[in-house]
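Trainee: Just the structure for this:
(one chain, ligands or ions: 1)
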Amino acid sequence: MTTKALIQQIRKKESFLCIGLDTDLEKIPEHLLKEEDPVFAFNKAIIDATHHLCVAYKPNTAFYEAYGIKGWVALEKTITYLNTEYPEIFTIADAKRGDIGNTSTRYAKAFFEDLNFDSVTIAPYMGKDSVEPFLAFEDKHTILLALTSNIGAYDFQTKELEGLELYKQVLEVSKTYNGSENLMYVVGATKASYLTDIRKIVPNSFLLVPGVGAQGGSLSEVCKYGITPDVGLLINSSRGILYASNGEDYAIAAQQKAKELQDLMKQELAKL
Ligand SMILES: O=c1ccn([C@@H]2O[C@H](COP(=O)(O)O)[C@@H](O)[C@H]2O)c(=O)[nH]1
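Mentor: This next block holds a predicted model:
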């Protein structure tokens, strides 16, 4: 999907919500465990109940890899379902990959060609040759970890390297990579106060922002400092939507939570 098409969807749906599909067999309603593929059954119900309220879904691959082959099959069924039934949706494989160039090329093929995701999250620390194989794919997006939502982000990402914090180095240096027009960045909602500085370096880039809800980040703070004329934000919520209820009403409860976030997003979009 092109960035232009993503922006059009945001305007049409009045939403920049990304729903994280972090599907955990210990948290989904018990009655679904009788299904042949409970993970896919849960994802399908959540997607069918919420697709009109969001523009993106983000399965975190860890939640699928944890179940071995069955998990990978559920991931494949989920992305195929999204691409077939809801092709207007932007898809993100939250896989946090990155390796020497030769290996990154195989990761890029796995997520962009085999699974046909629109984007994948990448750890930037192995540098240019580890990121450029992902950027070579036209109309696919590489989402680099810049400033993550967790407390450990302060261990390295905010430390100075040659007079500039590491996350700023990531932003500055990655802009020089071949194919950098395909870059987006992860910035945690819990780091909203850094967004003014981040926007000085990447004024128009899309930011994937996890950390609202369960991690305590604030949607309005993120918008205050991070929104751009073309919105430039995909705000993710996973647990806060998926596990709003673990009863028979789980899909409707997820829809209500997604609607609450979309209502707030509508208000933010009206300010632009
Ligand atoms: O900095 C980061 C990068 C990725 N994540 C991922 O996003 C979701 C957040 O889930 P919630 O349940 O809404 O907290 C999850 O998959 C994380 O691995 C992040 O939180 N922070």
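Trainee: quick one: the strands in the stretch 101-250 of the chain?
Mentor: 119-122, 141-147, 160-161, 164-165, 183-187, 207-209, 233-237 (DSSP state E, counting those that start in this stretch).
Trainee: could those go into CSV alongside mean neighbour count and mean pLDDT?
Mentor: All C-beta spots, glycine's among them, are computed from the backbone N, C-alpha and C. Below are the strands of the stretch 101-250 of the chain laid out as CSV (neighbours: other CB atoms under 10 Å; pLDDT from 0 to 100):
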stretch, mean neighbour count, mean pLDDT
strand 119-122, 26, 98
strand 141-147, 26, 98
strand 160-161, 11, 96
strand 164-165, 16, 98
strand 183-187, 25, 98
strand 207-209, 26, 98
strand 233-237, 27, 98
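Trainee: can you redo those as CSV with distance to Glu132?
Mentor: Below are those laid out as CSV (distance: least, CB to CB, whole Å):
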stretch, distance to Glu132
strand 119-122, 11
strand 141-147, 9
strand 160-161, 21
strand 164-165, 22
strand 183-187, 11
strand 207-209, 20
strand 233-237, 23
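Trainee: Nearest to Thr103, out of these?
Mentor: strand 119-122 (12.2 Å; CB to CB).
Trainee: So in that sheet, which strands flank the closest one, and in what orientation?
Mentor: Paired strands of strand 119-122, with direction, are strand 90-97 (parallel), strand 141-147 (parallel) (DSSP bridges).
Trainee: how about the residues of the protein near the ligand?
Mentor: 20, 22, 60, 94, 148-150, 186, 188, 210-211, 213-215, 236-240 (CB under 6 Å from any ligand atom).
Trainee: Surely Gly226 and Val209 touch.
Mentor: Yes. The pair Gly226 / Val209 is scored as a contact, 7.1 Å apart, by CB atoms under 8 Å.
Trainee: any residues in contact with both of those two?
Mentor: Residues touching both Gly226 and Val209 (CB atoms under 8 Å, 6 or more residues apart in numbering): Val187, Leu233.
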